[in-house]
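J.: Just need the structure, nothing else, for what follows:
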Amino acid sequence: KKINTAQTIGSNGFQKRELILTTVEQYPQMILVEFIQDKCDLLDNYNIGDMVVVSINLRGREWINAEGQTKYFNTIQGWKIALNDASNNPPPVPRFSENDEDLPF
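T.: Sure, this is the predicted structure:
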């Protein structure tokens, strides 16, 4: 959906680049994926509209604000991206019913 340019954050040269993708499923989702440091360049070879498969890591962190309240944040970090070879036939989306004993989470 969108490929942002790389941003340099702070004085130490930390770089990140954001990719916003739309999932292919019954209820499509807009997902923000961050690519950081040397992984920013991976997005150079892709264009808006490409069907891709992105490998990710889920990151979470804890932060305590000035009032002493604990907050939690999640980040989706991409580390690999490739064109989807089956772009005309996306993979089937697993369906779960209320009777399934194994929940998808």
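
J.: What's opposite Gln15 in the beta bridge?
T.: Thr8 (DSSP bridges).

J.: any idea how far Phe35 is from it?
T.: 9 Å (CB to CB, to the nearest Å). Any C-beta I mention is one placed from the backbone N, CA and C, and that applies to glycine too.

J.: and if you look at Pro28?
T.: Taking CB to CB, one finds Pro28 at 21 Å from Phe35.

J.: More neighbours: Gln15 and Phe35, which one.
T.: More crowded of Gln15 and Phe35, by other CB atoms under 10 Å: Phe35, with 25 against 15.

J.: Secondary structure element holding that one?
T.: strand 30-36 (DSSP states H and E).

J.: Now find how far off-centre that strand is within its chain.
T.: 4 Å (CA atoms, centre = their mean, to the nearest Å).

J.: and for the helix or strand following that strand, what are the contacting residues?
T.: Per DSSP H and E, strand 30-36 leads on to strand 52-64 as the next helix or strand towards the C-terminus. With contact meaning CB atoms under 8 Å, 6 or more residues apart in numbering, strand 52-64 is reached by 19, 21, 33, 46, 70-84.
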